[in-house]
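>>> The amino acid sequence is not available; the structure is as follows:
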């Protein structure tokens, strides 16, 4: 723009030179005058174009300067705060709560965080209850598995009998199966003091047999022989009293009450007819299928029980870790409780001292108050006597003419 302004300012001088040249050449030829006139018109047109371009640039600078001033007017002060930041800070100050450091002089423990001996004792009791609940829960699961094992063993016994019966039907002989058929009495420690009459008799016979043999005498042997002969005579008499019909009745076979679909017919592997052979083949297939189903069912039950025991074992490992941590926590709580008991005794002693000191302070404050009241009364009396003394001195001075 500066270069344009210089060009524009230099344009009048060029126009004067052209005018002087035009005036000086008025006496010249007409062709030269016409050429200079045409050149002067082109120069004026060029100056007008330059003037229009300069005015446009100047107007653009004024507009840009005005916009810049408006932006500068909108610029906030360097020390001014953003209203959004001020609002956010105000919200935080009203909603963040009171967070004081524990090392601060004005820190006070919140009521919900205050701990004393009674609170610590309640925590210890609740922890002991939680430990007992965990143990009872695990024991209930363990006892449920033990009852399940009893049912599995009972079912295995029935399945074993049924399989042996099927083997007899099929002519396979006795088969050793890997099924749990017995229970370990040590798994029921609560029944160690229970016994039956048969077990008691066996125990008495086992323990007293040696003593009876040691105390046996010839007379006792003779009496036993007499008793045996009398018993034999009585048996002979009962056999003579029974008639021939009774002996025949004892030899009559008692029909079996078992009845199943296999024993409905008398077909066997040694059947001769084609129909009987087909029946036997069908029955054999049914028995084999039944045996496989029984074995699969027993194995599935055993596998399910083993998986349940495995899961319970894993749970026991986690439970043992939790119980160990809880026991350590219980030890810590007991130590904290003992410390709090000691602190509570000291706190009670200090509280009694504080109460006594406060009472003494109240007495001292009351005495000070009474002393201040007396002092104020004495001061008022002194002022009165001072006023009287002044009056007396004035009268004295007036009398003596001082």
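The structure has been received and is ready for your questions. Note that the coordinates shown come from a computational prediction; the quantities given were computed from them, not determined experimentally.
>>> show me where the stretch 251-400 of the chain has helices.
274-400 (DSSP state H, counting those that start in this stretch).
>>> pLDDT below threshold where in it?
251-272 (pLDDT under 70).
>>> Is residue 326 in contact with residue 130, as I believe?
Yes - contact criterion C-beta atoms under 8 Å: residue 326 and residue 130 qualify, at 7.0 Å. C-beta: built from backbone N, CA, C; applies to glycine.
>>> joint contacts of those two?
Residues within reach of residue 326 and of residue 130 at once, by C-beta atoms under 8 Å, 6 or more residues apart in numbering: there are none.
>>> Could you list the buried residues of stretch 190-203?
For stretch 190-203, burial by neighbour count (16 or more other C-beta atoms under 10 Å) applies to no residue.
>>> end to end, how far does that stretch reach?
The straight-line separation of the ends of stretch 190-203 (C-alpha to C-alpha, to the nearest Å) is 20 Å.
>>> Spit out the contact partners of residue 123.
Taking C-beta under 8 Å, 6+ apart, one finds residue 333 in contact with residue 123.
>>> so how far is residue 102 from it?
To residue 102, residue 123 is 21 Å away according to C-beta to C-beta, to the nearest Å.
>>> before we move on, what about residue 337?
22 Å.
>>> higher neighbour count, those two?
residue 337 (17 against 6; other C-beta atoms under 10 Å).
>>> Quick one: the strands in the stretch 51-200 of the chain, in order.
Counting by DSSP state E, counting those that start in this stretch, the stretch 51-200 of the chain has no strands to list.
>>> got any ranges where it has weak pLDDT?
Residue ranges of the stretch 51-200 of the chain with pLDDT under 70: 98, 175-176.
>>> Near the nearest residue to residue 157 once chain neighbours are set aside, how many other residues are there?
Once flanking residues are discounted, residue 157 sits nearest to residue 181: 5.6 Å by C-beta to C-beta, 6 or more residues apart in numbering. Other residues near residue 181 come to 12 when the count uses other C-beta under 10 Å.
>>> Would you check how far apart residue 181 and residue 301 are?
Distance from residue 181 to residue 301, counting by C-beta to C-beta: 14 Å.
>>> Give the residues shared as contacts by the two.
Between them, residue 181 and residue 301 share no contacting residue, judged by C-beta under 8 Å, 6+ apart.
>>> Would you map the helices across the stretch 51-200 of the chain?
Along the stretch 51-200 of the chain, the segments classed as helices by DSSP H, counting those that start in this stretch run 83-95, 117-170, 197-214.
>>> Please identify which of those helices is closest to residue 357.
helix 117-170 (24.4 Å; C-beta to C-beta).
>>> so how far is the closest one off the chain centroid?
Taking C-alpha atoms, centre = their mean, to the nearest Å, one finds the center of helix 117-170 at 26 Å from the center of the full chain.
>>> for stretch 333-350, same thing?
Distance of stretch 333-350 from its chain centroid, counting by C-alpha atoms, centre = their mean, is 32 Å.
>>> What are the contacting residues of that stretch?
Contacts to stretch 333-350, defined as C-beta under 8 Å, 6+ apart, come from residues 115-117, 120-121, 123-124, 127.
>>> Mind telling me which residue is nearest the centre of the chain?
Nearest to the geometric centre of the chain sits residue 322, at 13.3 Å (C-alpha atoms, centre = their mean).
>>> Next, count neighbours for the closest residue to that residue other than its chain neighbours.
Ranked by C-beta to C-beta, 6+ apart and with sequence neighbours excluded, the top spatial neighbour of residue 322 is residue 134, at 6.8 Å. For residue 134, the neighbour count with other C-beta under 10 Å is 14.
>>> What distance do you get for residue 134 to residue 308?
Using C-beta to C-beta, residue 134 is found at 19 Å from residue 308.
>>> ok, now residue 50?
Distance, residue 50 to residue 308, by C-beta to C-beta: 105 Å.
>>> Could you do residue 97 as well?
Distance, residue 97 to residue 308, by C-beta to C-beta: 51 Å.
>>> Show me which of those two is the more surrounded one.
More neighbours surround residue 308 than the other of residue 97 and residue 308, with 15 against 5 (other C-beta under 10 Å).
>>> and the gap between the closest residue in space to the more buried one that isn't next to it in sequence and residue 187?
Spatial nearest neighbour of residue 308, chain neighbours left out: residue 145 (6.0 Å); criterion: C-beta to C-beta, 6+ apart. Note on residue 145: its distance to residue 187, by C-beta to C-beta, is 10 Å.
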